[in-house]
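Chemist: My questions are about this predicted structure, shown below with the sequence.
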Amino acid sequence: MRRNNSFRLLLFSALCAISLFLCSCGGGENGMVEGKRVAMHYSVLLDIVDCDGYTVVDVKNPWGKGLLKRYILVPDTCDIPQIRGTVLRTPLQRAVVFSGVHASLFEELGALPVVAGVCDKRYIYSKGVQKGLEQGVVTDCGSSLNVNSEAVVQVNPDAIFVLPYENGGYGKLDNMPYPLVECADYMETSPLGCAEWIRFYGRLVGRAAESDSVYNAVCKEYEALCRLVDGVQERPALMCELKSSSAWYVPGGNSTMGQMYNDAGADYLFTDCGKNGSVPLSYEVVLDRGSDADIWLFKYNASEDKTKASLLADFSGYSHFRPFKEGNIYACNTHRNNIFEEISFHPERLLKELVALFHPSLIPGYKPLYYEKIP
C-alpha cells in the first residue's frame with residue numbers, strides 16, 4: 001500500500017510539473033499566453049499577443065467554440081518557442097495565395113514578391129501578379145478546388161493562404177508539409193472587423209507598421225461616413241442579389257455586407273437573418289419581403305452586361321419586384337470590376353458608394369466605381 005501511494009505521489013508530481021510547463025509556454029493551442037496584447041478595434045476572431053521574440057496569433061473558430069488555429073510568428077533569426085501551434089517564420093519569403101483579395105493586399109503593402117504562386121488566376125486582378133504570371137515569376141498552381149501539387153512543390157512555399165469553410169478540409173494540401181494560413185477574415189461580423197485582418201497579414205510579411213497605418217486610415221474614413229448618415233430620417237428598403245438555381249443567396253444580417261448596408265443608411269430587408277456569410281432563401285421568402293423594396297442591388301460575373309430584358313430571360317419572377325418595375329436596379333459586373341479585391345480591406349470605398357446611392361444629397365457629384373444602373 002505504501003509503495004502504491006509513493007508511486008501515485010510521484011505520478012501526481014510529474015503531471016503537475018508538465019501542467020506548469022505547458023502553462024508557462026501558453027497552455028497548448030487553446031491556452032493563454034503571456035505578453036503584450038495588441039488592442040483589436042473591431043475584429044472578433046483575432047487575438048494577437050506580442051511575446052518576447054515572437055508573436056502569437058489566435059484565430060477563433062467562426063462556426064463554434066475554441067480556436068480555429070493558433071499561429072506562432074517567429075523571426076527567422078530567433079529560436080522557436082516551446083508552444084504548440086503552427087509556426088510561421090517571418091517575414092514570409094514565398095507563399096501560395098488562393099485569393100486575389102490577399103494577393104492585392106500584399107501588393108498594396110509593398111510585399112508583392114511574397115506572392116510566388118496563385119490559384120484561380122483568372123479571378124486575380126492584381127496587375128503585379130498578372131505581370132508575374134506572364135514573366136514566369138509567379139507560378140500558376142491550378143484551381144483552388146483541384147490544386148496542382150507539383151506546382152506547389154515547385155514553389156516550395158513558406159505558407160499557403162487558404163479559405164476555410166465549416167467542416168471543410170483542404171484535400172491534397174492536408175498531406176503536404178507546408179503551413180496553411182486559414183483566412184477566415186470573410187467570417188467577421190463587421191466590415192472593419194474584416195479589414196482589421198490587414199494587421200495580421202502585415203505582420204506575416206514584415207509590414208506591421210504599414211498595415212497598422214493602412215487600417216487606421218480605413219477606420220477613420222469609414223467611421224466618418226457612418227456619422228454622416230447618423231441623422232437620416234428615411235432609409236430606403238433594400239433587397240439584394242439574384243436567384244441561383246433553387247435558392248436565392250443573400251448576405252446574413254451578421255455578415256460584413258449586411259452590416260455595411262445598415263451602416264450606409266439602408267433598411268436592409270434581411271437583417272434578421274442573423275448569420276455570417278450568405279443565407280439561402282426560397283424565392284417565395286424573398287418575394288414576400290422584397291416585393292415593395294425601394295432599391296435592388298446585385299453582383300454577377302458575365303462577359304455581357306445585364307439588362308432588364310436579360311434578367312427576365314433568366315427568371316421571369318424578377319418582374320414581381322417593385323425595383324424592377326420602377327427601374328431602381330443597380331448591379332456590379334465582377335467580370336470587369338475588381339470590387340472583391342478592394343472592399344474586403346477597403347470597405348470605406350464601397351460604403352461611400354452605397355451612401356451616395358441611398359442618400360445622394362449627402363455626397364453630391366459622386367461618380368460610381370462599382371455599381372451601375374441596369375437599363
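Modeler: Looks like it arrived, so ask away. It should be emphasised that the depicted structure is a prediction, and the values quoted were computed from it without experimental measurement. Numbers count the residues shown, from 1 in each chain.

Chemist: Run through who's touching stretch 268-281.
Modeler: Contacting residues not belonging to stretch 268-281 are listed as 62, 186-189, 237-240, 247-255, 258, 261-262, 289-290, 293 [Cβ atoms under 8 Å, 6 or more residues apart in numbering]. No exception for glycine: its C-beta is placed from N, CA and C like everyone else's.

Chemist: any chance you could map the helices in this protein?
Modeler: 2-24, 100-108, 127-135, 149-155, 191-195, 197-204, 208-228, 256-263, 283-290, 308-314, 322-326, 339-343, 347-358 (DSSP state H).

Chemist: mind checking which of those is nearest residue 33?
Modeler: helix 2-24 (9.8 Å; Cβ to Cβ).

Chemist: ok, back up a step: would you turn the helices of the chain into TSV with distance to residue 333 and mean pLDDT?
Modeler: Below are those laid out as TSV (distance: least, Cβ to Cβ, whole Å; pLDDT from 0 to 100):
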stretch	distance to residue 333	mean pLDDT
helix 2-24	53	37
helix 100-108	16	96
helix 127-135	19	96
helix 149-155	30	97
helix 191-195	22	96
helix 197-204	27	98
helix 208-228	24	97
helix 256-263	17	95
helix 283-290	22	96
helix 308-314	12	97
helix 322-326	18	97
helix 339-343	9	91
helix 347-358	15	98
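
Chemist: who wins for proximity to residue 84 among these?
Modeler: helix 2-24 (8.3 Å).

Chemist: got the buried residues for the strand ranked longest in the chain?
Modeler: In the chain, with assignment by DSSP state E, the single longest strand is strand 67-75. Using 16 or more other Cβ atoms under 10 Å as the test for burial, strand 67-75 gives 67-74.

Chemist: In a markdown table: the helices of the chain, plus distance to residue 162 and mean neighbour count.
Modeler: Shown next, in a markdown table, are these (distance: least, Cβ to Cβ, whole Å; neighbours: other Cβ atoms under 10 Å):
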| stretch | distance to residue 162 | mean neighbour count |
| --- | --- | --- |
| helix 2-24 | 28 | 10 |
| helix 100-108 | 10 | 24 |
| helix 127-135 | 17 | 15 |
| helix 149-155 | 11 | 15 |
| helix 191-195 | 17 | 25 |
| helix 197-204 | 13 | 24 |
| helix 208-228 | 20 | 16 |
| helix 256-263 | 19 | 23 |
| helix 283-290 | 32 | 16 |
| helix 308-314 | 32 | 13 |
| helix 322-326 | 37 | 16 |
| helix 339-343 | 17 | 20 |
| helix 347-358 | 22 | 22 |
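
Chemist: Lovely, talk soon.
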